[in-house]
Structures are given as C-alpha cells and as structure tokens.
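**Student:** The following comprises the amino acid sequence and a computationally predicted model.
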Amino acid sequence: MSGAGSKKVAVVAGDGIGPEVIESALAVLDGAGAKFERVPVEIGLARWKRTGLAMAEEDLAALKECDCILFGAISTPPDPNYESVLLRIRKELDLYANIRPFQSQDLDFIIVRENTEGLYSGLEEVGVEESRTLRVITRRGSQRIAEIACDLAIARRKLTIIHKSNALKSDCLFLETCRAVAVRRGVPYEDMLVDAAAYNLVINPKRFDVLVTTNLFGDILSDEAAGVIGSLGLCSSANLGSDHALFEPIHGSAPDIAGKGIANPVGAIRSAAMMMQWLGEPKKARLIEAAVQKALACGAKTPDLGGKCRTREVTEAVVDCMEIF
Ligand code: ATP
C-alpha cells in the first residue's frame, strides 16, 4: 500500500469521552507527521438527540467512501428498539475481524474476536415472558476469522482456540473449523473452554499468545484482559474486513468521567498507531507505540492508572517523547 498522504480517514469522535480521546489521537498523529484528509462524521447519541437519528444512510455512505475510520466511542440512544449503531457499522462494512492487542511491561497477547455473528447476530425475539437470541456460527465466518488469527500466530508462538463446545453445539463447528485452518497453516495450537480461559487470563496470562474466539466471548474476555493489563483506557483495536477498516479504543463512552479531562487517551492513541500500520506507515506506527511506552514509563498516567495527569498532559508527553526518538 502506498503512504497515507492521499488517504481519506473518516473521524467519528462520538459521545462521552470519545471526542476527548480522539482529539488526543489526532494530536499525536500530527506530531508523528501523519498526512491524510480528515472527514468528520457525526454519529451517536448527541446526533440522535439533535435529529432523532444516531446515524443516517449518508453517514454510512461517507464511512464506506473513506479508506478507513478512526472511531472514538458512542453511547446507545435510550430506546430499546434502537439497533446498536456500532453493530450496524460492523455488519454493513463486514468488519469481521476484531483484533485486540494487549501489551504491558511483561504481557503481550492478542485477542482475535469474530465480529459479525455469534450471539450478536441481531436475530432476536423479544417477548414479555420469554425472549430469544439466536447464536449463529457459520463455517465461512469461523474460517475467515481463523485465517486472520493464523496470519498473526504464524509470526508468533501459538494459537489458542477459545470455545464452549461442551455446552454449545454451535461451538463444535467453530472449534472444528479453526482446528482445520491451524493444521493446514502449520500453526501450533491448543483449544480451551471459555471458562478456563477466563480463569487462566487472571492466573497465568503469560501462557497466552494469540487467542481466537466468537463474538460475545471475545467481548467479555477483552474487558477482562484490559483489567489484567491495568486499565480499559490502555487498549486499542482494529476492526478489519476485506474492503474496510475501523480503528477504535476498546473502551466505551465512559459517561462517568466524560468532560472531566481525565480520560486515558492511550487506547485511542494506540488505535491511531494501528491505523498507521494498516495505512502502510509502519515506521509512524512504531514511533507512536514507542512514544506511548516511554511516556507511561516516565509517569505520564491518568487516574485510572493511579496517576494524576490529565488527558492533555498525557497527550503532550507522548508528543514530546516522539520528538526525542
Ligand atoms: P460500552 O457499553 O460502550 O462498552 P461501558 O459502560 O461498558 O461502555 P466503558 O464506557 O468503557 O464501559 O467504561 C467502563 C469503566 O471504565 C468506567 O468506569 C469508565 O470510567 C472506565 N473507563 C473506560 N475508558 C476509560 C478511559 N479511557 N480512561 C479512564 N477510564 C476509562
């Protein structure tokens, strides 16, 4: 891929702390000398309050038209019939692979979460006495997420396939399909029940390298992994499809701290680094990640990490660290 210079990036700041952390990510991208056209797209709760729509068809078209999306966080409108906007974007753009790296001083593992099916199929029947959600696992969906996980694992140590096939028949297909891909690709693998994985993530997280799993399990294990690393605010993600990509911190809009200027911007900054990697600028991606690590090591930490810094101060520290390298 050529450099990011001629690229168009849709910027969805969103709600809550979304705009605060996206402002930081953009400041760091500027500091790294990243060049791309920014296309602001207003999506989310604030937009819903203003217009009655959290996302219009034109917004979806604008997202599709850009090379990729830098996304903050959005709050869901308080209407039980409203479909989650982020789920809709993931489905419409077929962003089937959610890549979530977790890094700290002594930990380094990646959760690869299937992003479009499983219990987030959207196939639901809601009743007064009984409600159902259909868990959809397909061979195609399992195969393509396993391929992405193997792409990552092949350059690393091993793959762990996380499932609950002893209780959920649908997971037999997921497990069998992932195993077959790992065998074909020559990737060392093991499999593990999701409850055991949840336990092991706390007891011995170093045993993990690349984990691949279904939608809901990946969602829950990711927040657990963030806790193991130290804070949701540190963690980034890429949502990848064949034609589109969306980069976002794994945290939500955190309304409890929105507007206070204390949100940890590192997850959003790291998401921006993942975006630069994807846009074909690996040097800028490495520069940003190295600056984040240096800034954290120097004590530039927001309150979620036990520090006293404000969002702006952490951002400035990361930008200053990039100048040193
Ligand atoms: P969602 O449903 O959108 O995932 P959530 O309410 O489950 O959202 P978050 O919005 O991510 O979860 O917030 C969970 C907790 O983590 C909150 O207490 C929030 O303040 C904290 N938190 C999340 N992101 C950050 C951040 N960047 N910096 C500091 N604290 C954060």
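**Tutor:** Everything's here; your move. The model shown is predicted, which means the values in this text are computed figures rather than measured ones.
**Student:** Report how many residues lie close to residue 165.
**Tutor:** 17 (other CB atoms under 10 Å). To be clear about C-beta, it is placed using only N, CA and C from the backbone, and glycine gets the same treatment.
**Student:** Residue 177 is in contact with that one, correct?
**Tutor:** No. Using CB atoms under 8 Å, residue 165 makes no contact with residue 177, being 11.4 Å away.
**Student:** Near the ligand, which residues of the protein are found?
**Tutor:** Contact residues, the chain versus the ligand (CB under 6 Å from any ligand atom): 17, 21, 232-233, 251-254, 256-257, 263-264, 267, 302, 304.
**Student:** Just the ones of those residues in helices?
**Tutor:** 21, 267 (DSSP state H).
**Student:** I'd like to know which of the residues of the chain next to the ligand is nearest to residue 57.
**Tutor:** Nearest to residue 57 among the residues of the chain next to the ligand is residue 253, at 23.2 Å by CB to CB.
**Student:** where's the closest residue to that closest one other than its chain neighbours relative to residue 252, distance?
**Tutor:** In space, residue 253 comes closest to residue 16 once its chain neighbours are excluded; the distance is 2.8 Å by CB to CB, 6 or more residues apart in numbering. Look at residue 16 and residue 252: by CB to CB, to the nearest Å, they are 7 Å apart.
**Student:** If you count surrounding residues, which of these two has more?
**Tutor:** residue 16 (24 against 18).
**Student:** how near is that one to residue 74?
**Tutor:** The gap separating residue 16 from residue 74 is 8 Å, by CB to CB.
**Student:** Need the overlap of contacts for those two.
**Tutor:** Common neighbours of residue 16 and residue 74, using CB atoms under 8 Å, 6 or more residues apart in numbering, are residue 253.
**Student:** For the ligand, what's its nearest residue on the stretch 101-250 of the chain.
**Tutor:** Per CB to the nearest ligand atom, residue 233 is where the stretch 101-250 of the chain lies closest to the ligand, at 3.1 Å.
**Student:** actually the stretch 51-200 of the chain, not the one I typed
**Tutor:** Closest to the ligand within the stretch 51-200 of the chain is residue 73: 6.1 Å, counting by CB to the nearest ligand atom.
**Student:** Quick one: the strands in the stretch 51-200 of the chain, in order.
**Tutor:** Applying DSSP state E, counting those that start in this stretch to the stretch 51-200 of the chain gives strands spanning 68-73, 97-103, 108-114, 124-126, 131-133, 159-163, 189-193.
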